[in-house]
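Participant: generate coordinates for the sequence data below:
(one chain, ligands or ions: 1)
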Amino acid sequence: MSNAKQRVLITGGAGYVGSVLVPLLVNKGYPVTVLDTFWFWDSPQQYQETIGLSNAALLRLVQGDLRNKEDIRQALTEVESVIHLACISNDPSSDLDAGFTHAVNYTGSLNVIDLAKEKGVKRFIYASSSSVYGIKSEPNVTEDLPLEPLTQYSKLKVEVEHYLLHRLDDDFKGVIIRPSTVCGYSPRQRLDVVVNLLTNLALNKGKIKVMGGNQLRPNIHMKDMVRLYELLLEVPIDKINKKIYNAGYENRTVLELALLVKEVMGKVTMEVEETTDLRSYHVCSDKIRQEIGFASEHTVKGAIMELKEAFEQGKIKNSDDENNFNVKRMKTLLERRET
Ligand SMILES: NC(=O)c1ccc[n+]([C@@H]2O[C@H](COP(=O)([O-])OP(=O)(O)OC[C@H]3O[C@@H](n4cnc5c(N)ncnc54)[C@H](O)[C@@H]3O)[C@@H](O)[C@H]2O)c1
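Facilitator: Down below sits the predicted model:
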């Protein structure tokens, strides 16, 4: 019997997480298909040349859109598992154009779920978000607490979760992950997520501005995030079918994160300002550890050190490049109507 790895479709595989996950899987022998609009790259070729593949023959790139069912059908050719990452992936960019965000994050996700089911996909992994909980007073936010999403982005994550659970059955199985904010280096760098944002400010402006400071911002290191997706491809599907898991590690306040950045960077000025954004959550990730043995191994401090190194080695070329900031890039694309 052959134990060859089966093809995985990664929607949004050219994004911040995808650009680390895709080479990890390809270099371990997974045939991978990426479906992406490549909004954060000059071209699919530039993406492929940058991410660092040892065996490019295993990778298929489909430049396409979740809103187009034909693109999804094409991307699903010979696919056994789907990791669905593609979306307008933070609050401010989701707020730019509500209709557009709904068409991508909700209708587009339903398209992927429906067509994956129709095509006989065996394992569907959905990237939701820990922001679905809203603000909680409970000391530990566990998966069974009621969801109180506060933003368009997180409300649509909840709706897609519900839809997926309702579509799963004995033939079409899947799992939902609610990751904390990811931190660390990626060839498609995001500098708008909290740890990366603070590190960039410290390194390139010599000054960190902390908004509020007491809000808890749980984080997960990029290397743990992608290790988890790999594990979810390998765990017996019946063990995780219809399950929902938080995936976080260090629950620190924004001020603590800023102090950690200052510790790594050395001489940095810090300013604290008031904010109306009081979103705060302490995510509990015990369930995923108890049920499938996943525990984070990489620290926020490690992510800061790796980012510093990436800047110093010129791997992040221009920290002001709009491709590093989702809302700036999406605003440009929407203004030019290139979406
Ligand atoms: N980064 C985080 O901190 C974090 C935390 C929790 C959850 N998540 C979730 O993980 C997933 C990946 O996040 P990320 O940080 O890599 O996001 P990202 O914005 O870097 O990547 C999203 C990718 O999806 C693509 N895309 C967007 N709309 C598309 C469409 N209509 N058709 C095809 N491709 C499209 C974009 O071009 C981009 O490459 C998202 O679902 C996000 O909500 C991320």
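Participant: for the stretch 151-300 of the chain, what spans make up the strands?
Facilitator: Along the stretch 151-300 of the chain, the segments classed as strands by DSSP state E, counting those that start in this stretch run 173-179, 181-183, 207-211, 216-221, 243-247, 250-253, 269-273.
Participant: Serialize the ones you listed to CSV and add fields for mean pLDDT, distance to the ligand and mean neighbour count.
Facilitator: Where C-beta positions appear, they are placed from N, C-alpha and C, glycine not excepted. Converted to CSV, the strands of the stretch 151-300 of the chain look like this (pLDDT from 0 to 100; distance: least, Cβ to the nearest ligand atom, whole Å; neighbours: other Cβ atoms under 10 Å):
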stretch, mean pLDDT, distance to the ligand, mean neighbour count
strand 173-179, 98, 4, 22
strand 181-183, 97, 4, 25
strand 207-211, 89, 17, 17
strand 216-221, 91, 8, 24
strand 243-247, 98, 9, 21
strand 250-253, 87, 13, 19
strand 269-273, 90, 23, 13
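Participant: wait, which of these is closest to residue 287?
Facilitator: Nearest to residue 287, of all the strands of the stretch 151-300 of the chain, is strand 243-247, at 5.8 Å by Cβ to Cβ.
Participant: tell me the residues of this protein that contact the ligand?
Facilitator: Within the chain, the residues that sit near the ligand (Cβ under 6 Å from any ligand atom) are 12, 14-18, 35-40, 65-67, 85-89, 104, 108, 127, 129, 179, 181-182, 190, 193, 326.
Participant: cutoff 5 Å now
Facilitator: Counting by Cβ under 5 Å from any ligand atom, the residues of the chain close to the ligand are 12, 14-17, 36-37, 39, 65-66, 85-87, 89, 104, 127, 129, 179, 181-182, 193.
Participant: filter these down to the ones in helices?
Facilitator: Nothing among the residues of the chain next to the ligand maps onto helices, per DSSP state H.
Participant: now, the residues you listed that are in strands?
Facilitator: If you go by DSSP state E, these have 36, 127, 179, 181-182 in strands.
Participant: please name the residues that touch the residue lying closest to residue 286 once chain neighbours are set aside.
Facilitator: In space, not counting the residues next to it along the chain, residue 286 is nearest to residue 142; the distance is 7.6 Å by Cβ to Cβ, 6 or more residues apart in numbering. Applying Cβ atoms under 8 Å, 6 or more residues apart in numbering to residue 142 gives the contacts 246, 284, 286-287.
Participant: if we can go back for a sec, just put the ones in strands among the residues of the chain next to the ligand in CSV and tack on distance to residue 134.
Facilitator: As requested, those are exported to CSV (distance: Cβ to Cβ, whole Å):
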residue, distance to residue 134
36, 29
127, 19
179, 16
181, 15
182, 20
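Participant: hang on, the earlier thing: buried ones among the contacts of residue 142?
Facilitator: Neighbour-count burial (16 or more other Cβ atoms under 10 Å) is assigned, among the contacts of residue 142, to 246, 284, 287.
Participant: could you let me know which of those ends up closest to residue 26?
Facilitator: Using Cβ to Cβ, residue 246 comes nearest to residue 26 of these, at 27.7 Å.
Participant: coming back round to it: so what pLDDT did the residue nearest to residue 286 get?
Facilitator: Note on residue 142: pLDDT of 96.
Participant: that one and the ligand: what is the separation?
Facilitator: Distance of residue 142 to the ligand, computed by Cβ to the nearest ligand atom, to the nearest Å: 17 Å.
Participant: how close does that residue get to residue 64?
Facilitator: 37 Å (Cβ to Cβ, to the nearest Å).
Participant: remind me what the worst-scoring helix or strand of the chain on mean pLDDT packs against, helices and strands.
Facilitator: The helix or strand of the chain with the lowest confidence, counting by mean pLDDT, DSSP states H and E, is strand 250-253 at a mean of 87. When contacts are defined as 3 or more Cβ pairs under 8 Å, 6 or more residues apart in numbering; DSSP states H and E, strand 250-253 sits against strand 216-221.
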